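J.: Could you work out the structure for the sequence below:
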Amino acid sequence: MPLRQFSKNSPESKLSKFSFKKTLILQITFLGTSSGVPTRSRNVSALALRLPQRSELWLFDCGEGTQHQFLRSDLKTSQLKKIFITHMHGDHVYGLPGLLASLGLAGNTLGIELFGPSPLKNFIDGILKSSSTRISYPIQIKPVEKNAHEGTILFEDNDFLVRCTPIIHRIPAFAYRVDQKPRPGRFDIDKARSLKIPPGPIYSKLQKGEIVTLEDGRIFNGKNFCGSERKGASFVYCTDTIFSETAIKLAKEADLLIHEATFAHEDSELAYQRQHSTSTMAAQIAFEANVGQLVLTHLSPRYAPGNTISPNDLLNEAKAIFPNTLLAKDFLQIEIQKHATVRDT
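T.: Have a look, this model is predicted:
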């Protein structure tokens, strides 16, 4: 599946309304890629997922300053519907209170669902109470432990599935996987036309595999007009952890794995002490899970450009094991593309 860095001004990103096919895109924007503390070029952890065909954003982690990162991007907090928290360390949650309060003051949200470890509820409730902050919209806080340990679905709607799994860190931590549900096979529009089936809503029903009866009494089964079902896009977000078999299982065959790479390989001992991954651990997980692409994030400030080891050194270490690897930076946007169903125009 094609994955690419996204340029909102590129001509190929603009789809003509007269096209016979449209593209379903999961667009990921990195809002923070540093580990522990922010730097001049990297904020702490946050990642936004823009869903195709709906004005909706999901946020994964919310480090301090995340709402400022929104302001510097082309993303709109008014479209934020769900927030998924990996664990309760400050560089992943300290931005939540300010963001939630600002959403309330703006008055442009109908509600937010929060998913994360059980302490998340006490954290949010405590800060809102002690700061006398009143939230004018509904907030649902859903613990993930049961779903993670039982391997059950955390969230599902008509288009997406979200799963999570425990990973290995100093406190309870969880990785998340988002799967776009399979799409119907490609619709054979030439066959429909040759049978003089009138275009319009009937084509849509046939493409969905439904049985339709025309005004002239003819009956058609949509399954006879569609190719094989097409797999949806998928991505996995995994931080903070050392090498984890559960991460491999969660990431199996995913199109994109976003994985922390806090340390270089030569600092493996430090990585184990602090229960963070090296670049080579992340690459090994990508290799064993057979993912489409790996993106390294959550980089330690110790590897800032100009130091003995640079972020590019971590990238090269990972690419030696898993060549299709990118290095995340703040505001990098990546697309996971799928072609949707053929439609009549």
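
J.: Domain-wise, how is this protein divided?
T.: 3-7+18-183+230-342, 189-225 (automatic domain parsing).

J.: among those domains, which is the most enclosed?
T.: Ranked by mean neighbour count, those are led by domain 3-7+18-183+230-342 with a mean of 19 (mean count of other CB atoms under 10 Å). (Glycine included, C-beta is placed from N, CA and C.)

J.: Centroid-nearest residue for the chain?
T.: By CA atoms, centre = their mean, the chain has its centre lying nearest to residue 49, at 4.8 Å.

J.: Next, give phi and psi for that residue.
T.: Reported as degrees, to the nearest 10, the phi and psi values for residue 49 are phi -110, psi 120.

J.: quick one: which helix or strand includes the residue nearest to it when sequence neighbours are not counted?
T.: Distance criterion CB to CB, 6 or more residues apart in numbering; nearest residue to residue 49, sequence neighbours excluded, is residue 58 at 4.5 Å. For residue 58, the enclosing helix or strand under DSSP states H and E is strand 57-62.

J.: average pLDDT across that strand?
T.: Regarding strand 57-62, the rounded mean pLDDT is 98.

J.: Packing partners of that strand?
T.: Judged by 3 or more CB pairs under 8 Å, 6 or more residues apart in numbering; DSSP states H and E, the packing partners of strand 57-62 are strand 46-50, strand 80-84, helix 90-93.

J.: chain center to that strand: distance?
T.: 8 Å (CA atoms, centre = their mean, to the nearest Å).

J.: ok, back up a step: averaging pLDDT over each of the domains of the chain, which comes out lowest?
T.: Among those, domain 189-225 scores lowest, with a mean of 89.

J.: got the end-to-end distance for that one?
T.: End-to-end distance for domain 189-225: 8 Å, by CA to CA, to the nearest Å.

J.: isn't there a strand covering residue 126?
T.: No: according to DSSP: H, G, I helix; E, B strand; the rest coil, the state of residue 126 is helix, so it is not within a strand.

J.: And it, how close does it get to residue 320?
T.: 46 Å (CB to CB, to the nearest Å).

J.: Same check on residue 295?
T.: 16 Å.

J.: Then residue 43?
T.: 29 Å.

J.: for residue 226, same thing?
T.: With distances taken as CB to CB, residue 226 is found 43 Å from residue 320.

J.: returning to that earlier point: can you pull out the residues in contact with the strand holding residue 58?
T.: 32, 45-51, 66, 75-77, 79-86, 92-96, 99, 176, 178, 237, 239 (CB atoms under 8 Å, 6 or more residues apart in numbering).

J.: Next: stretch 299-312.
T.: Under CB under 8 Å, 6+ apart, the answer for stretch 299-312 is 33-37, 39, 42, 261-264, 266, 313-314, 327-328.

J.: what's the span of that stretch, first residue to last?
T.: OK, stretch 299-312 end separation, CA to CA: 11 Å.

J.: Can you give the distance from that stretch to the centre of its chain?
T.: Distance, centroid of stretch 299-312 to centroid of chain: 26 Å (CA atoms, centre = their mean).

J.: How much space separates the closest residue to residue 327 other than its chain neighbours from residue 237?
T.: Nearest non-adjacent residue to residue 327, counting by CB to CB, 6+ apart: residue 315, 4.5 Å away. Distance of residue 315 to residue 237, computed by CB to CB: 19 Å.

J.: Alright, I will stop here.
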